[in-house]
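Asker: Quick one, fold the following:
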Amino acid sequence: VHLPGRKQIVVDAKAPLEAFLDAQEEPDEDARASRLQVHARQVRDHMDKLGSKAYWEALGNSPDLVVLFLPGETLFSTALQHDLSLIEHGLTQRVLLASPITLIALLTTIAHTWRQEALAENYREVAALGRDLYDRIASLTGHFDDLRKKLDGAVQAYNRAAGSFEARVLTGARRLRDLDVTTAPELPLAEPIDTVPRVLKQAGLMGLPDEATAEPEIT
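Answerer: Numbers count the residues shown, from 1 in each chain. You can find the predicted model right below:
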């Protein structure tokens, strides 16, 4: 039987019916009960045969079990009535006993379980991808902050150099021009840089220190 998610489960329909059918023809109650005992034993023997064949090993997407289908509720209930340990014995052989009613319920339950398992696996994968993406963003945010600090440091270094150049060098150079030592054009001003790198205001959410989210001072 093919189930959602490309899953499969083996259902064996070759149920032993001979003893049960013979019991229906017996007019004697004791003989009838004896044949029903044989029916229960035949079901147990068939379970052992199914378990030993391990049909599920030939399938890649099947649970390690096989379903023994009894095509009648009376076949099912009679076998259990004369052998109360049939279901437990079947489980040890990896064989599930099912009637027409319980088969549908069994397959529906297995399909639902597999579907939930697939969803859970998807959720786990999404969660893992989310954690990985968050870690990558946090790492990239750290790189951006490092770059901002270096750019900010470069701007401050330039402004300091420009201020020193303006005060200590250009003043003397302009004085030479005033003394007619040279007729070269007037030296331009060393303009400071007022623009500063933009701060990632949400960087604190990515685990960066508080100073990474503070507005820089404009020099």
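
Asker: in the chain, which spans are helices?
Answerer: 18-25, 29-53, 73-82, 86-92, 100-164, 171-178 (DSSP state H).

Asker: Of those helices, which is nearest Arg6?
Answerer: Nearest to Arg6 among the helices of the chain is helix 100-164; the distance by C-beta to C-beta comes to 9.7 Å. The C-beta positions use only the backbone N, C-alpha and C, and glycine is treated the same way.

Asker: Tell me where the model's unsure across this protein.
Answerer: For the chain, the stretches with pLDDT under 70 are 5, 114, 117-120, 172-174, 176-193, 196-219.

Asker: hmm, back to that, could you dump the helices of the chain into a markdown table with mean neighbour count and distance to Lys7 added?
Answerer: Conversion of the helices of the chain to a markdown table gives the following (neighbours: other C-beta atoms under 10 Å; distance: least, C-beta to C-beta, whole Å):
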| stretch | mean neighbour count | distance to Lys7 |
| --- | --- | --- |
| helix 18-25 | 15 | 32 |
| helix 29-53 | 17 | 19 |
| helix 73-82 | 17 | 25 |
| helix 86-92 | 16 | 20 |
| helix 100-164 | 13 | 5 |
| helix 171-178 | 11 | 86 |
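
Asker: So for Asp194, which of those sits nearest?
Answerer: helix 100-164 (8.9 Å).

Asker: just to revisit the earlier point, CSV please, covering the helices of the chain and showing distance to Asp194.
Answerer: Shown next, in CSV, are the helices of the chain (distance: least, C-beta to C-beta, whole Å):
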stretch, distance to Asp194
helix 18-25, 98
helix 29-53, 84
helix 73-82, 88
helix 86-92, 80
helix 100-164, 9
helix 171-178, 22
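
Asker: Of those helices, which is nearest Gln8?
Answerer: Of all the helices of the chain, helix 100-164 sits nearest to Gln8, with 10.6 Å by C-beta to C-beta.

Asker: Next, the angle helix 73-82 makes with that closest one.
Answerer: Inter-element angle recorded for helix 100-164 and helix 73-82: 90 degrees (by axes from the mean of the first three to the mean of the last three C-alpha atoms, to 10 degrees).
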